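Student: Following is a predicted model, sequence given first.
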Amino acid sequence: MVAAAVLILTGRDSSPPGIDLGALSDGSGGRGGDPFTASNASDADLERRAAAGHSHVLYAKSPGGVFATARRVERYRPLVERTARESGTDPDVLEGLLFLEGAGRPDAMASEDPEAAAGLTQILAETGTSLLGMSIDVRRSGRLTRRIRRAQSQGLEGRVRRLEGRRRRVDDRFAPAKAIAAAGRYLELARKRFGRSDLAVESYHSGIGNLEQALRAYAGGDASGKSIADVVEEADLSYAKLYFGSSPRSHEAAYRIFARLGDDSATYLWRVFAAREIMRLFRNDEAKLDQLDALQTAKGSDEEVLHPPGDTKVFEDAGQIEDAYGDGDLDTFPDEPGRTGLRRDPRMGQLARRLDQAPRVYRGLRPQAFALATFLGQSVRELSGSRAPLTITSTVRDTDYQRLLVRRNPEATDAYSLHTTGFAFDIRRRYPGGRRQAEAFQFALDRLQSLNLIAWVREPGAIHITVSGEAAELESLLE
């Protein structure tokens with residue numbers, strides 16, 4: 001969504017290892033630097049990880065699903081390529097923007113307010129008229145929109161089409177060719193201002209003004225009198241560097257600029273790249289896209305993409321879990337909040353007795369998941385300044401335990417559960433350290449998701465987290 005002109009003019013692919021998630025100590029609390037730096041990875045690696053980590057929402061929320069949306073977007077490819085040539089924009093990125101913004105629907109509207117974002121490229125009325133040279137009669141457009149809604153409710157399709165034609169003539173945002181061309185003009189303007197295409201695309205949602213403030217805050221020093229393009233060039237600032245280099249502890253001022261927007265602005269570029277990948281698969285590998293679609297929509301997160309059914313060992317009974325402990329395929333999760341930053345719920349494994357097992361059997365995780373959970377707990381403690389531990393309520397289960405749980409807990413699935421693989425755990429949604437602890441936890445979840453190391457989802461009483469097998473590098477950091 002293009003930001004208002006007032007702001008503009010002032011404002012899961014496998015990746016190679018090498019992401020440095022901080023120099024962790026033995027867990028006693030001492031740690032140097034920022035626990036979420038990713039300085040050892042290239043921009044391309046970070047972009048691929050972030051796109052994969054933020055792709056679930058496109059599969060889950062695309063109107064009619066990703067295939068229907070991709071078919072709608074594909075119709076505009078000739079217009080996209082023409083605009084890309086004229087504006088010097090990557091056509092695949094522009095197409096991804098169309099997918100994310102209007103989902104290929106020329107009549108898409110963010111709200112009933114005609115001033116709000118509308119059309120194929122979701123442009124605000126003020127931005128369209130004051131910055132992009134679009135013809136937009138808000139009063140007439142709003143009146144026609146209300147008439148269109150009434151005709152739609154009465155099933156008068158012919159009247160709907162006639163009214164939509166009239167609206168296109170008074171509001172360029174609803175004319176696909178003009179809307180795409182306007183998006184191209186915006187990206188060209190922003191690219192010239194910043195000197196980089198990735199920053200131009202990110203600013204489409206966050207606004208040039210907001211992004212410029214964040215970049216200047218990140219660069220620091222005396223930037224007065226310098227153009228933002230010069231600041232970007234001198235500091236070699238890509239968007240990946242800005243995003244992954246900003247946190248509550250490092251370049252905090254830049255981080256806070258995005259945090260105060262509160263509308264997922266910071267991850268906009270990653271979602272555009274995710275949409276670009278969907279369109280690539282739609283054209284070149286529909287079978288792979290169909291497979292991903294099934295995995296992405298199976299649960300409330302992309303946890304099955306991280307661990308597809310049939311590709312990951314499931315523990316069928318307690319005997320298999322015991323064997324995994326013996327083989328080093330599972331680590332016992334200790335109740336040592338001073339070391340892990342996590343308090344183990346004493347009720348963990350409470351159904352074990354009904355299976356003639358000891359609760360300790362159901363208190364473990366895969367080494368990768370254990371390492372990441374400990375990293376998460378320690379990081380939240382350090383970022384928030386609170387010594388109060390979070391509570392881990394559930395770890396590994398077997399299918400026998402899962403069947404018992406389904407009878408008691410409506411949130412438990414009777415299908416494939418990632419808990420039965422040992423890669424999933426739950427954190428209680430209660431924060432004894434208060435708001436700062438809750439904010440630190442949310443930041444940690446978002447950043448680990450952007451690194452494509454976890455998938456997570458909110459449940460009524462807990463945050464359910466699934467750890468990627470790629471998190472193995474954390475093990476050495478925690479030894």
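Tutor: Arrived safely. Numbers count the residues shown, from 1 in each chain.

Student: Would you mind measuring from the nearest residue to residue 288 once chain neighbours are set aside to residue 371?
Tutor: Spatially, and ignoring its direct neighbours in sequence, residue 288 is nearest to residue 281 (5.4 Å; C-beta to C-beta, 6 or more residues apart in numbering). The C-beta positions use only the backbone N, C-alpha and C, and glycine is treated the same way. According to C-beta to C-beta, to the nearest Å, residue 281 and residue 371 sit 32 Å apart.

Student: which of the two has more neighbours?
Tutor: Just comparing residue 281 and residue 371: by other C-beta atoms under 10 Å the higher neighbour count belongs to residue 371, 24 against 19.

Student: So for that one, what's the pLDDT?
Tutor: At residue 371, the model reports a pLDDT of 91.

Student: again, but for residue 411
Tutor: Reported pLDDT for residue 411: 73.

Student: Look at it and give its secondary structure.
Tutor: coil (DSSP: H, G, I helix; E, B strand; the rest coil).

Student: How many neighbouring residues does it have?
Tutor: 12.

Student: And the one 10 residues further on, by the same measure?
Tutor: Neighbourhood size, residue 421 [other C-beta under 10 Å]: 25.

Student: Ok, residue 327 next?
Tutor: 8.

Student: do residue 262 as well
Tutor: 7.

Student: what's the answer for residue 137, then?
Tutor: Neighbours around residue 137, by other C-beta under 10 Å: 17.

Student: Would you list the phi and psi of the nearest residue in space to it that is not next to it in sequence?
Tutor: Excluding the flanking residues, the one nearest residue 137 by C-beta to C-beta, 6+ apart is residue 170, at 4.4 Å. Per-residue torsions, residue 170: phi -110, psi -10 (degrees, to the nearest 10).

Student: what sits against residue 170?
Tutor: 135-137, 140-141, 144 (C-beta atoms under 8 Å, 6 or more residues apart in numbering).

Student: now with 6 Å?
Tutor: Shown in contact with residue 170 (C-beta atoms under 6 Å, 6 or more residues apart in numbering): 137, 140-141.

Student: What is the nearest of these to residue 361?
Tutor: residue 141 (63.7 Å; C-beta to C-beta).

Student: Can I get stretch 231-239 in PDB? Just the C-alpha atoms.
Tutor: Output of stretch 231-239 as PDB, limited to C-alpha atoms (Å, rounded to 0.1, in the frame of the first residue of the first chain):
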ATOM      1  CA  VAL A 231      23.800   8.200   3.000                       C
ATOM      2  CA  VAL A 232      22.800   4.800   1.600                       C
ATOM      3  CA  GLU A 233      25.800   4.600  -0.700                       C
ATOM      4  CA  GLU A 234      28.400   5.700   1.900                       C
ATOM      5  CA  ALA A 235      27.000   3.200   4.500                       C
ATOM      6  CA  ASP A 236      26.400   0.500   1.900                       C
ATOM      7  CA  LEU A 237      22.900   0.100   3.200                       C
ATOM      8  CA  SER A 238      20.700  -2.600   1.700                       C
ATOM      9  CA  TYR A 239      17.300  -3.300   3.100                       C
END
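
Student: Would you check that residue 419 makes contact with residue 399?
Tutor: No. Residue 419 lies out of contact with residue 399 (C-beta atoms under 6 Å); the separation is 9.9 Å.

Student: So which of these two has more stuff around it?
Tutor: Neighbours were counted for residue 419 and for residue 399 using other C-beta under 10 Å; residue 419 has more, 26 against 16.

Student: Now intersect the contacts of residue 170 with the strands, please.
Tutor: Assigned to strands by DSSP state E, none of those qualify.

Student: from these, which is closest to residue 90?
Tutor: Nearest to residue 90 among these: residue 141, at 30.8 Å, using C-beta to C-beta.

Student: Now for that closest one, how many residues are close by?
Tutor: 23.

Student: And it, how far from residue 169?
Tutor: Residue 141 is 10 Å from residue 169, by C-beta to C-beta.

Student: Residue 208 too?
Tutor: Distance from residue 208 to residue 169, by C-beta to C-beta: 30 Å.

Student: can you pull the contacts of the closest residue in space to residue 343 that isn't next to it in sequence?
Tutor: Using C-beta to C-beta, 6+ apart and skipping residues adjacent in sequence, the residue nearest residue 343 is residue 389, 4.2 Å away. Shown in contact with residue 389 (C-beta under 6 Å, 6+ apart): 337, 341-343.

Student: what do you get if the cut-off is 10 Å, keeping everything else the same?
Tutor: 335-338, 340-344, 377, 380-381, 432-433, 437 (C-beta atoms under 10 Å, 6 or more residues apart in numbering).

Student: how about residue 391, secondary structure?
Tutor: Residue 391 is classified as strand under three-state DSSP.

Student: What does the pLDDT read for it?
Tutor: Note on residue 391: pLDDT of 98.

Student: The closest residue to it other than its chain neighbours - how many residues pack around it?
Tutor: Nearest residue to residue 391, sequence neighbours excluded (C-beta to C-beta, 6+ apart): residue 428, at 4.2 Å. Using other C-beta under 10 Å, residue 428 has 16 other residues around it.

Student: Who does residue 428 form a beta bridge with?
Tutor: Residue 428 forms beta bridges with residue 462, as assigned by DSSP bridges.
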